[in-house]
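1. Sequence and computational prediction follow.
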Amino acid sequence: MSVDLDWDNLGFEYRDVACHIKYTWKDGAWDAGELVEDPYVKIHIAATSIHYGQAAFEGLKAFRGVDDKVRIFRPEENAQRMQKSSERVFMANISEEMFTDAVDRVVTANTDYIPPYGTDGALYIRPVLFGTGPRIGIQPADEYTFIVLVTPVGAYYKGGLNAVDAVIIEGYDRAASEGVGSVKLAGNYAASLMPASIAKAQGYPINLYLDSKEKRFIDEFGTSNFIALKGNSYVTPCSPSVLPSITNKSLMTLAEDMGMTVERRPVEVNELAEMDQVAACGTAVVMTPINAVMYKSELHKTSGEGIDERLQALYDRMTGIQYGREEDKFNWCKTLDI
């Protein structure tokens, strides 16, 4: 099959592909899963995902490498994080084996949609777990659906990293300190839509949240973790309301491998001006360098001119491993024989 797409100008948006994979949990067990061409899902009008927010998702990518092999980046980490999400809102558990097998099956079925090497694109993989059993009272569902959809996406930044300014929008929290911020639930992102829209209306492509309790410590950006370089340290917040980012976890390992000290600790907002470089990091973009952060009508400069060479090196190593240009010394990538 030949897919006619403008591979060099994909952007980051949904496109229909050959199929997704769908599993149903009922009577205490998952079925074997099936590949489905129809991109629509029919669910009951009283499904718990609609009424009570029983929905969680993940995001990861498959890459066509320099050697033409297909690599999926750290799928077992996403499987483990989805288990924590499902446990937090009483959804059916998905084993790591089932999760990774589902990813393998749907990527293999959509091989023609994996962007060619050299386009800086990837096949974005979105596993979603949600309650489909009908309930009117607030209680867990008796049926769940697990789907894994894929879509080809381009690089966020053509030609390398581009730094942007960010803003702290007051009056909004991403998550409560003892809430569900540490798991990847759909509702967390619904809560972020308004402050993100306010930030963009003010000319800032990304917003940053402080802790919900004291408004003193940095939590994370709207859709990604906060990281910073300070001296020889790689700094990232330690907070119960921050989502454990697989990208951040990987970058921490690379930073230590490069001789840096990793500091996972509370990060006060007044430290912003002391940082050599700040960035947002996540699956979609790997990292977004931040020039400055607007807070209380004051622009806190967080870097000098350009991109810190250490941040660039971290980005280059991460993408080098994903595309097979660099040795995968940590065995992060799962290579498919397709």
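-> It's in.

2. Name all residues that make contact with the nearest residue to Thr24 once chain neighbours are set aside.
-> Excluding its sequence neighbours, the residue lying closest to Thr24 (C-beta to C-beta, 6 or more residues apart in numbering) is Asp31, at 5.2 Å. C-beta: built from backbone N, CA, C; applies to glycine. Applying C-beta atoms under 8 Å, 6 or more residues apart in numbering to Asp31 gives the contacts Tyr23, Thr24, Trp25.

3. I'd like those residues laid out as TSV, including neighbour count, distance to Pro240 and pLDDT.
-> Putting the contacts of Asp31 into TSV (neighbours: other C-beta atoms under 10 Å; distance: C-beta to C-beta, whole Å; pLDDT from 0 to 100) gives the following:
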residue	neighbour count	distance to Pro240	pLDDT
Tyr23	20	31	98
Thr24	17	33	98
Trp25	22	29	98
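
4. Quick check on Glu77: phi, psi?
-> Main-chain torsions, Glu77, degrees, to the nearest 10: phi -70, psi -40.

5. Confidence-wise, which helix or strand of this structure is lowest on average?
-> Across the helices and strands of the chain, the lowest-confidence element by mean pLDDT, DSSP states H and E is strand 298-301, at a mean of 86.

6. Quick one: list the elements packing against the very next helix or strand once past that strand.
-> Downstream of strand 298-301, the first helix or strand assigned by DSSP states H and E is helix 309-322. Under the contact definition 3 or more C-beta pairs under 8 Å, 6 or more residues apart in numbering; DSSP states H and E, helix 309-322 sits against strand 70-73, helix 246-257, strand 277-282, strand 286-295.

7. Now Val89. Nearest residue, chain neighbours left out?
-> Gln54 (5.5 Å).

8. Quick check: the gap between the one you found and Thr48.
-> Here Gln54 is placed at a distance of 4 Å from Thr48 (C-beta to C-beta, to the nearest Å).

9. Find residues that contact each of those two.
-> Gly131, Pro140, Ala141.

10. Is Lys184 in contact with Gln83, as I believe?
-> No. If you go by C-beta atoms under 8 Å, Lys184 and Gln83 don't touch, sitting 11.0 Å apart.

11. Tell me which of those two has more neighbours.
-> When Lys184 and Gln83 are compared for neighbours, Lys184 comes out ahead with 22 against 19, by other C-beta atoms under 10 Å.

12. which residues sit in contact with the more buried one?
-> Contacts of Lys184 (C-beta under 8 Å, 6+ apart): Ala56, Phe57, Glu58, Arg81, Met82, Ser85, Leu243.

13. again with Gly181
-> Arg174, Ala175, Asn188, Asp219, Ser239, Pro240, Ser241, Val242, Leu243.

14. looking at this, Ile43 is in a helix?
-> No. If the criterion is DSSP: H, G, I helix; E, B strand; the rest coil, then Ile43 is coil and not within a helix.

15. these two touch, right, it and Gln54?
-> No. The criterion here is C-beta under 8 Å, and Ile43 misses it with Gln54 at 11.5 Å.

16. What confidence value was assigned to the residue nearest to Val89?
-> Here, the pLDDT recorded for Gln54 equals 98.

17. Asp308 - nearest residue in space that isn't next to it in sequence?
-> Gln277 (3.8 Å).

18. circling back to that earlier point, in strands only, show me the contacts of Gly181.
-> Asp219 (DSSP state E).

19. Do a quick rundown of the strands in the stretch 101-250 of the chain.
-> 122-131, 143-153, 164-167, 206-210, 218-221, 225-230, 233-237 (DSSP state E, counting those that start in this stretch).

20. Give me whichever of those strands is most buried.
-> strand 218-221 (a mean of 25; mean count of other C-beta atoms under 10 Å).

21. How far away from the center of its chain is it?
-> Relative to its parent chain, strand 218-221 has a centroid offset of 15 Å by C-alpha atoms, centre = their mean, to the nearest Å.

22. any idea how far Ser250 lies from Ile218?
-> Applying C-beta to C-beta to Ser250 and Ile218 gives a distance of 20 Å.

23. now do Ala163
-> Taking C-beta to C-beta, one finds Ala163 at 18 Å from Ile218.

24. and Ile227, how far is that from Arg317?
-> 14 Å.

25. got it, and Ile94?
-> Taking C-beta to C-beta as the measure, Ile94 and Arg317 are separated by 31 Å.

26. Which pLDDT value does the model give the closest residue to Phe90 other than its chain neighbours?
-> Among residues not flanking Phe90 along the chain, Pro140 sits closest, at 4.2 Å (C-beta to C-beta, 6+ apart). Predicted confidence (pLDDT) for Pro140: 96.

27. next one: Ile307
-> Reading off the model, Ile307 has pLDDT 89.

28. these two touch, right, it and Ile290?
-> No. Ile307 lies out of contact with Ile290 (C-beta under 8 Å); the separation is 10.7 Å.
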